[in-house]
Each structure stands twice: as C-alpha cells, then as structure tokens.
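# got a predicted structure here, sequence first:
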Amino acid sequence: MSAGHLEAVAEIERVCFSSPWSRQALAEELSNPNAVYLVAVDEGLAVGYGGMRFAAGEFYVDNIAVLPECRRRGIGRQITSALLQEARRRGGSFLSLEVRPSNQAAIELYLRLGFLLEGRRKNFYTKPAEDALIFTRRFL
C-alpha cells in the first residue's frame, strides 16, 4: 500500500466495515515499521486490501477486505496468501486473525488456507455485537 492508495482503501473500509478505520489511521500504517499492508488492484482500481502488524515473530491481521462486487473471485484468498507468505518470509512463527462467526465465507477461506480455530473473544465486535473467532496459522 502506498499513499496513492489511501482514498480507495478508506472507501473499501467504509463499504465493508460498520466501524471503519479512518484515512488518517490507514496513513499512519504507512510509516509503521512493524506493519505490512497490501492492496489488490484490478484494471487500475483498488478492489481489496489486507494488513497485519508484527512483533517478536508474531503476526496479527488487522483487516482483510474486498469490495462486495468483487467478492467470490479469489481476491481475498490472494490477499490472505500474500500476508501468509510475507509473515513466513520475515521469520514469523504464526499469523493470527479474528473473524465474525457470521462471516462463513471468510471462515471457509481461512480453513482452506490451513488456519485452525484457536479461541473466541466474547463481544469483540460492535455494530452489530458479536463474538470474534480467533484463527491461527502456525509456521513452526
């Protein structure tokens, strides 16, 4: 992700999440040395993105989002796979993420990519209120 992607990624946030990150919050990640953000581009347009942070060999996904009209085309899989590859390249021991139990499509994707369900965070999400399932892909 570069500064040129910020408007499009902020729009993806607004469309995909009930509590979206601001453009400013996304911009701050560009200078975060412990963050990796990737943008999926189709025909010159940003159609999805994913980001993660890391510390001490542990990688945590912040967000993965694909515009609704671009879903079911493998973009989410490509973004998630690229984050996994980058975490491994940087010597990570695992990549972990949270997902709403109601997001069955994402859960199926994570399972296909080798993630395992490792926990639940009660009342993690708002708008609407929902627990988070914790999925982790271990490398070691």
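Done, it's in. Residues are numbered from 1 along each chain as shown.
# beta partners for Tyr49?
Val39, Ala65 (DSSP bridges).
# now it: how far from Glu108?
Distance of Tyr49 to Glu108, given as CB to CB, to the nearest Å: 20 Å. The C-beta positions use only the backbone N, C-alpha and C, and glycine is treated the same way.
# ok, Ala8 next?
Counting by CB to CB, the separation of Ala8 from Glu108 is 27 Å.
# please apply the same query to Glu43.
From Glu43 to Glu108 the distance is 27 Å (CB to CB).
# more crowded one of those two?
Glu108 (10 against 5; other CB atoms under 10 Å).
# pLDDT score assigned to that one?
pLDDT, the model's per-residue confidence, is 97 for Glu108.
# Ile107 is in contact with Leu116, correct?
No: using CB atoms under 8 Å, Leu116 is not in contact with Ile107; the gap is 11.6 Å.
# give me the three-state assignment for the nearest residue to Leu67 once chain neighbours are set aside.
Distance criterion CB to CB, 6 or more residues apart in numbering; nearest residue to Leu67, sequence neighbours excluded, is Val47 at 5.2 Å. Classification of Val47 using DSSP: H, G, I helix; E, B strand; the rest coil returns strand.
# residues near Val47, how many?
20.
# isn't it right up against Cys70?
Yes: counting by CB under 8 Å, Val47 does reach Cys70; the two are 4.3 Å apart.
# show me where the chain dips below the pLDDT cut-off.
For the chain, no stretch has pLDDT under 70.
# tell me who's in contact with Phe59.
Contact partners of Phe59, counting by CB atoms under 8 Å, 6 or more residues apart in numbering, are Met52, Arg53, Leu83, Ala87, Arg90, Gly92, Phe94, Leu95, Ser96.
# burial of the last one, as a residue count?
In this case it means Ser96. 18.
# given the host helix or strand of it, what are its sheet partners and their directions?
Using DSSP states H and E, Ser96 sits within strand 94-99. Here strand 94-99 is paired, per DSSP bridges, with strand 58-66 (parallel), strand 130-138 (antiparallel).
# please identify the most buried of the ones you listed.
Ranked by mean neighbour count, these are led by strand 58-66 with a mean of 20 (mean count of other CB atoms under 10 Å).
# could you point out the longest helix of the protein?
Assignment by DSSP state H gives helix 75-89 as the longest helix of the chain.
# kind regards, and thank you for your time.
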